[in-house]
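> Sequence first, then the predicted structure, then my questions.
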Amino acid sequence: MAKKIVKQLKLMIPGGKAVPGQQLGPALGGAGINIGEFVKRFNDETKERVGETVPTVVNVFDDRSYAMVYKTEPASQMVLKAIKGEKGSGEPNKKKIGKITKAQVKEIAEKKMVDLNAKDLEGAIRIIEGTCRSMGVEVK
């Protein structure tokens, strides 16, 4: 018989650098997860992803065990890395923060394809282009 999922947590944690502090403590403690064990396991499993934000889905089961699913880095973070920017534009239609090539957009779409709601690569590229537009990044 399969275990029953009691709670599902969606967390954004820096890869390999989780600390049992303000962000994780209340979320994990409320779900009955041992915070120290979680932090050690997360850091061990994401040590090769240092420097990127790792979206993590934690499924907590009725016997207080849990399973972690790691997603790819957010598309906005990938776009900012590609243009070497700090943050998106506050007024994306008026103030542009940089330019990105179609090849870079395609590369990001290929990396994100597993987490995107797109049938094919063309749809994924259009989703990433929309992210760029909403951040104030021109696609050339």
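Done, it's in.
> give me phi/psi at residue 112?
Main-chain dihedrals, residue 112, degrees, to the nearest 10: phi -90, psi -10.
> Next one: it from residue 59, what distance?
Distance, residue 112 to residue 59, by C-beta to C-beta, to the nearest Å: 22 Å. In short, each C-beta sits where N, CA and C put it, glycine included.
> neighbour count winner among the two?
Neighbours per residue, other C-beta atoms under 10 Å: of residue 112 and residue 59, the larger number sits with residue 112, 20 against 16.
> Tell me who's in contact with residue 24.
Residue 24 is in contact with 11, 13, 18, 35, 38, 39, counting by C-beta atoms under 8 Å, 6 or more residues apart in numbering.
> Tell me the one of those nearest residue 137?
For the contacts of residue 24, the residue nearest residue 137 by C-beta to C-beta is residue 13; the value is 25.4 Å.
> Contact partners for the closest one?
23, 24, 42, 46, 53, 54, 56 are the contacts of residue 13 under C-beta under 8 Å, 6+ apart.
> Name the residues that touch stretch 33-52?
13-20, 24-25, 28-29, 54, 56, 58, 60, 64, 66, 68, 70, 73, 77.
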